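Student: Coordinates for the following, if possible.
(one chain, ligands or ions: 1)
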Amino acid sequence: MKLPKYIDLAIIGAGVQALTLTTHLLQKSAKHYHKFLVFDPSPTWMRQWQRQFAAQQIPCLRSPAVHHPDPNPYQLRNFAEHRQNELFSPYDRPGTKLFNDFCQEVIRRWQLADKIYPAKVMQIIPSQQLSRPRFQLVLETGETIIARRVVLATGSGQVQLPDWVERITSDYPLDKLSHSQQVNLEQLKLRGESILIIGGGLTSGHLAKGALNLGATVTLMTRKQLQEKIFEAEPGWLGPKYLKEFHAQTDWDVRYQQIQQARNGGSMTPEMMLQLRQASHQGKITLNESCQVSSAQWQEPLWQVSCLDGNQHQFTRIWLATGTKFKATEHPLLQNVLETYPTQIVNGLPVLDQYLRLPKSNFFIMGGLAALQIGPVARNIAGARMACKSMVPAIVKPSLAIG
Ligand SMILES: Cc1cc2nc3c(=O)[nH]c(=O)nc-3n(C[C@H](O)[C@H](O)[C@H](O)COP(=O)(O)OP(=O)(O)OC[C@H]3O[C@@H](n4cnc5c(N)ncnc54)[C@H](O)[C@@H]3O)c2cc1C
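Tutor: Down below sits the predicted model:
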């Protein structure tokens, strides 16, 4: 594809958030609205999603079958008419393959395959040159394009590491200490290894199961007691039950606290909890709850790990399933944009207007960075749908556009 000089809307990222946005845009205004391009280093949609589900060998989604990128909530159930055995109880959670196949069908039906321009966006420069505010996107290829509006949908934030990782003074082989995003179970041989996994979210559970299957012994260490929850945040956060009060709250710090409380660190699904407890009873896994590492040093061929309770342990590898954090000020694509369109930043999250724009701009943000408007599910598929409800009117209705 030849890169045009100008585009009405540039969507940055081709993940599930962006895919959800494009189908909702086309549904609202298919006749007029194809003036967008999606930028991603990958030439195909959902690459990061597929990579992560494969790397962690995740059999099915945590979210129910109504959460997917198509505007019709029942579309996935219809698609699964002859594949009922790939919908898992409770709440018909789609199997990984079913969900991926469905997304391919969505891409085909909405004719989105050729909407991706395969290049990483390196910089976004707000520009007044054309007498109206525009954004210049600088691509990894060196090319540039002017966009009237931009949607940032770049995903998961930056990896979050515990303090003690920075205090490691010994050199260590890089593959012996990994964040969960770097672990690829498909490519590892772990027989005879002992692995410390840190974190109480579902990712720890997937990695623990994967490591056990590959013949390792596993210790799962969590700061708090393991929590059991079906979803990451209660379903009340998908509708007015909790969101009414959330949106009425004008103190952004309080909103931030509400988001934190709703997600409350990580949690395991009941079925994962059952599997972990069973493995623990069989002596295959050690669940070390309410325990924290104070320091770790590499002494070939083992990690020497000290905990706050005074105990010492040895492991061949450490995996940090400690999540990611969303920090607007550290996002490489937001530096210039925030200078031109400053907004209050609350614990890393930008305050956006009701259409998810930086104030007085045509710069939209979806995903975890939009949590102060969307609430605790902002980063999830359900959050993408909610973001579309806010953003799409401002994109398709001329009366709501800026500039
Ligand atoms: C293992 C795992 C399982 C999950 N399971 C569920 C679930 O079952 N249900 C649910 O609702 N949520 C789930 N989530 C949460 C969430 O839905 C996913 O993280 C999802 O991938 C987020 O979508 P996204 O589009 O924001 O980000 P991503 O899928 O990460 O996509 C972002 C895209 O942006 C691109 N990008 C980044 N920077 C640039 C740049 N500078 N220029 C161009 N492109 C760029 C990346 O290449 C990437 O393709 C899960 C998350 C993880 C990690």
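Student: hey, let's count contacts and neighbours off CA atoms from now on
Tutor: Will do.
Student: burial of the closest residue to F36 other than its chain neighbours, as a residue count?
Tutor: Residue nearest to F36 in three dimensions, not counting chain neighbours: L9, with 4.6 Å by C-alpha to C-alpha, 6 or more residues apart in numbering. For L9, the neighbour count with other C-alpha atoms under 10 Å is 22.
Student: Need phi/psi at L9.
Tutor: phi -140, psi 120 (degrees, to the nearest 10).
Student: Assess the claim that it and R148 are in contact.
Tutor: Yes: counting by C-alpha atoms under 8 Å, R148 is a contact partner of L9 at 6.1 Å.
Student: Okay, now the unreliable bits of the stretch 301-403 of the chain?
Tutor: 403 (pLDDT under 70).
Student: try 90 this time
Tutor: Along the stretch 301-403 of the chain, segments meeting pLDDT under 90 span 396-403.
Student: what does it have sitting close to the ligand?
Tutor: Residues of the stretch 301-403 of the chain lying near the ligand by C-alpha under 6 Å from any ligand atom: 367, 379-382.
Student: quick check, stretch 259-272 touching the ligand?
Tutor: No: between stretch 259-272 and the ligand, judged by C-alpha under 6 Å from any ligand atom, nothing touches; the nearest distance is 11.2 Å.
Student: just how off-centre is that stretch within its chain?
Tutor: Stretch 259-272 sits 15 Å away from the centroid of its parent chain (C-alpha atoms, centre = their mean, to the nearest Å).
Student: How about stretch 153-166?
Tutor: The answer for stretch 153-166 is 12 Å, by C-alpha atoms, centre = their mean.
Student: For that stretch, which outside residues touch it?
Tutor: The contact list for stretch 153-166 (C-alpha atoms under 8 Å, 6 or more residues apart in numbering) reads 11-15, 17-18, 179, 293-296, 320, 322-327, 365-368, 379.
Student: Out of the residues you listed, which sit inside helices?
Tutor: The members of the contacts of stretch 153-166 that map onto helices under DSSP state H are 17-18.
Student: For PyMOL, what selects the buried ones among the contacts of stretch 153-166?
Tutor: Command for PyMOL that selects the buried part of the contacts of stretch 153-166, burial taken from 16 or more other C-alpha atoms under 10 Å:
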select buried, resi 11+12+13+14+15+17+18+179+293+294+295+296+320+322+323+324+325+326+327+365+366+367+368+379
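Student: Now I125. Nearest residue, chain neighbours left out?
Tutor: Take I125 and drop its neighbours on the chain: the residue closest to it by C-alpha to C-alpha, 6+ apart is Q136, 5.0 Å away.
Student: Direction included, what does the host helix or strand of that neighbour pair against?
Tutor: Element membership of Q136 [criterion: DSSP states H and E] is strand 134-139. According to DSSP bridges, strand 134-139 forms sheet pairs with strand 121-127 (antiparallel), strand 144-152 (antiparallel).
Student: Let me have the ones you listed in a markdown table, extended by mean pLDDT, mean neighbour count and distance to the ligand.
Tutor: Listed next are those as a markdown table, based on pLDDT from 0 to 100; neighbours: other C-alpha atoms under 10 Å; distance: least, C-alpha to the nearest ligand atom, whole Å:
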| stretch | mean pLDDT | mean neighbour count | distance to the ligand |
| --- | --- | --- | --- |
| strand 121-127 | 96 | 19 | 4 |
| strand 144-152 | 97 | 21 | 8 |
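Student: mind putting these in a markdown table, distance to S280 included?
Tutor: Below are these laid out as a markdown table (distance: least, C-alpha to C-alpha, whole Å):
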| stretch | distance to S280 |
| --- | --- |
| strand 121-127 | 46 |
| strand 144-152 | 42 |
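Student: ok, which stretches of the stretch 251-400 of the chain are helices?
Tutor: Assigned by DSSP state H, counting those that start in this stretch, the stretch 251-400 of the chain shows helices spanning 252-263, 270-281, 335-340, 371-374, 381-396.
Student: what's the last one packed up against?
Tutor: So that's helix 381-396. Contact analysis of helix 381-396 by 3 or more C-alpha pairs under 8 Å, 6 or more residues apart in numbering; DSSP states H and E lists helix 16-29, helix 371-374 as its packing neighbours.
Student: Any buried residues in the first one, and which?
Tutor: The one in question is helix 16-29. So for helix 16-29, counting by 16+ other C-alpha under 10 Å, buried means 16-26.
Student: Hmm, L61 and G95 touching each other?
Tutor: Yes: counting by C-alpha under 8 Å, G95 sits close enough to L61 to count as a contact (6.2 Å).
Student: interface residues of the stretch 1-150 of the chain facing the ligand?
Tutor: So the stretch 1-150 of the chain meets the ligand at 12-18, 39-41, 46-49, 52-53, 61-63, 120-122 (C-alpha under 6 Å from any ligand atom).
Student: Among those residues, which ones are in strands?
Tutor: 12, 39-40, 121-122 (DSSP state E).
Student: mind checking how far the residue sitting furthest away from the middle of the chain is from I402?
Tutor: In the chain, the residue that sits farthest from the middle, by C-alpha atoms, centre = their mean, is S131; the gap is 36.4 Å. Distance, S131 to I402, using C-alpha to C-alpha, to the nearest Å: 13 Å.
Student: quick one on the thing from earlier: the residue nearest to I125 - how many residues pack around it?
Tutor: The local packing of Q136 (other C-alpha under 10 Å) involves 18 other residues.
Student: Now for it: which residues touch it?
Tutor: By C-alpha under 8 Å, 6+ apart, Q136 lies in contact with 124-127, 144-147.
Student: coming back round to it: between the strands paired with strand 134-139, which one is closest to E186.
Tutor: The closest of these to E186 is strand 121-127. By C-alpha to C-alpha, the value is 29.4 Å.
Student: Pull out the CA atoms of the closest one and give them to me as CSV.
Tutor: C-alpha atoms of strand 121-127 as CSV (Å, rounded to 0.1, in the frame of the first residue of the first chain):
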residue,chain,number,x,y,z
VAL,A,121,4.8,4.9,14.8
MET,A,122,7.9,6.5,16.3
GLN,A,123,6.7,10.0,17.1
ILE,A,124,3.5,12.1,16.9
ILE,A,125,4.0,15.8,16.4
PRO,A,126,1.1,18.1,16.8
SER,A,127,1.2,20.7,14.1
